[in-house]
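**Student:** Fold the stuff below for me.
(one chain, ligands or ions: 1)
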Amino acid sequence: MPNGDDKTTNHKNVEKLKENAKEGRDGKKEKEKDDRDKDLERNIDSVIFGDVTFKAWYPSWYPKEIIGEKALSCEGKGPGITVKELYICRRCFGYSKALVEWVRHCRCCEREVPGTKVYSHGAEGEGGGWSVWEVDGGVETLFCQSLSLFAKLFLDNKSVFFDVSGFNYFLLVHTSPRTLETQIIGFFSKEKMSWDNNNLACILIFPPWQRKGLGALLMGVSYAIAKREGIMGGPEKPISDLGKKGYKRYWGAEIARWLLGVRDTDRKKGKGMVDVERISKETWIAPDDCLSVLREMGVVEKAGRGKGTVERVRVDKQRVREWVAKEKLGLERVVHEEGFMEGYALKEVEAEEEEADEEEVDEE
Ligand SMILES: [Zn+2]
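**Tutor:** Numbers count the residues shown, from 1 in each chain. A predicted model of the protein is given here:
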């Protein structure tokens, strides 16, 4: 914990992390690390984060000073849980096994939300509400490493944790309208330079705040930023199982909103011919992702190819509505463009095309 002489401990942790990062660049060690994660058992049982306690889901990569040497050995069966409760600072994500140390730290940790606010959501103007803050992993290195270590407890497979400098982190922050106290409740990370046009590397809403549609808010922000940057892409693959579920819902809702809003070419049957390129351009979801989710939704019939290689599909609007109802999705916009700080991430001062009139067409 960065508090008095605890600073040295934290400094040591950083050195350890750097060491690990160096090892990580070596191919063989990289593989060992993957194997290690496969073989490792869950080694921390619960975390105490501010005033909430919840279970860890996956093996942690906290240093051996925390989880013990044995937890890191993958020869034979590991020792299982070595830390019953790990105390995490809800501001800086510093950690400790000792309650007294943690309490002392929390009392004086005044870590404000780092980085810059890039997006305000909903009632934020009235003092409370949600906002998204961008943090440079190369500037707030220790913070981002601590956040990543915490996140690893709930993420299965990502190996981006040691070298955080190549990433930006987008924190989802809740501000209490009563006390104006802020709380980070999730984030997504994004490569500063992605050769695959990934608009997101990993995403996590901390468990106590899950199932409230906040993942969709972060996904929406990641797409809105990518659109501002003029980059068409998607989340880094492979996506975890939990991520897949979330994205399926997000993509499905985005596409359904657009499809139900667009005027039909064949009004009688409620079936419109659309090509996937158009859906993709309108929703900013990559064509492959559009097609895969449309198939999963079970709302399309193949309609051959249009001019050249453009894949065309026939969409049954009634089935879209049924899917939306079955998934209990709202179709209101998740992200509001006016919530972004002026000019944020806009690469060129190109006037964006006016959104097409999106009043719902309620034909049968
Ligand atoms: Zn702290």
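**Student:** now do the same end-to-end measure for stretch 324-344.
**Tutor:** Stretch 324-344 stretches 32 Å from its first residue to its last (CA to CA, to the nearest Å).
**Student:** Flag every residue of the chain that's near the ion.
**Tutor:** 89, 91-92, 94, 109 (CB under 5 Å from the ion). For the C-beta atoms, the positions are set from N, CA and C on the backbone; glycine is no exception.
**Student:** so how far is the ion from the closest residue to Tyr58 other than its chain neighbours?
**Tutor:** Distances taken as CB to CB, 6 or more residues apart in numbering place Asp156 nearest to Tyr58, at 5.7 Å, with adjacent residues excluded. To the ion, Asp156 is 27 Å away according to CB to the ion, to the nearest Å.
**Student:** With Asn168 instead?
**Tutor:** Taking CB to the ion, one finds Asn168 at 21 Å from the ion.
**Student:** now swap in Phe150 and tell me
**Tutor:** 12 Å.
**Student:** Identify the residue nearest that residue in space, chain neighbours excluded?
**Tutor:** The shortest distance from Phe150 to any residue other than its chain neighbours is 5.0 Å, reached at Phe93 (CB to CB, 6+ apart).
**Student:** Just say helix, strand or coil for the one you found.
**Tutor:** coil (DSSP: H, G, I helix; E, B strand; the rest coil).
**Student:** Contact partners for it?
**Tutor:** 143, 146-147, 149-150 (CB atoms under 8 Å, 6 or more residues apart in numbering).
**Student:** out of those, who's nearest the ion?
**Tutor:** Nearest to the ion among these: Ser146, at 8.7 Å, using CB to the ion.
**Student:** does the closest one sit in a helix or strand, and which one?
**Tutor:** helix 141-152 (DSSP states H and E).
**Student:** C-terminal to that helix, what's the next element?
**Tutor:** strand 167-175.
**Student:** any idea which helix or strand comes after that following strand?
**Tutor:** strand 182-191.
**Student:** Give me the helices and strands touching that next one, please.
**Tutor:** helix 141-152, strand 167-175, strand 198-200, strand 202-205, helix 214-229 (3 or more CB pairs under 8 Å, 6 or more residues apart in numbering; DSSP states H and E).
**Student:** got a markdown table for these, with mean neighbour count and mean pLDDT too?
**Tutor:** Shown next, in a markdown table, are the helices and strands packed on strand 182-191 (neighbours: other CB atoms under 10 Å; pLDDT from 0 to 100):
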| stretch | mean neighbour count | mean pLDDT |
| --- | --- | --- |
| helix 141-152 | 22 | 95 |
| strand 167-175 | 22 | 97 |
| strand 198-200 | 23 | 97 |
| strand 202-205 | 25 | 95 |
| helix 214-229 | 21 | 97 |
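**Student:** Assign a three-state SS to the closest residue to Val52 other than its chain neighbours, would you?
**Tutor:** Leaving aside its chain neighbours, Val52 sits nearest to Pro208 (5.1 Å; criterion: CB to CB, 6+ apart). Classification of Pro208 by three-state DSSP places it in helix.
**Student:** Am I right that Ile255 is in contact with Ser292?
**Tutor:** No - in this structure, Ile255 is not within contact of Ser292 by CB atoms under 8 Å, at 11.0 Å.
**Student:** now stretch 244-255: how far from the chain's centre is it?
**Tutor:** With CA atoms, centre = their mean, to the nearest Å as the basis, stretch 244-255 stands 13 Å off its chain's centre.
**Student:** Right, and the ion sits closest to which residue of the stretch 201-350 of the chain?
**Tutor:** Phe206 (15.7 Å).
**Student:** Ignore what I typed, I meant the stretch 101-250 of the chain.
**Tutor:** Cys109 (3.0 Å).
**Student:** For stretch 244-251, buried residues please.
**Tutor:** Neighbour-count burial for stretch 244-251, counted by 16 or more other CB atoms under 10 Å, picks out 246-251.
**Student:** Skipping its backbone neighbours, what lies nearest Trp61 in space?
**Tutor:** Lys152 (5.3 Å).
**Student:** I'd say that neighbour and Trp57 touch.
**Tutor:** No - if you go by CB under 8 Å, Lys152 and Trp57 don't touch, sitting 9.7 Å apart.
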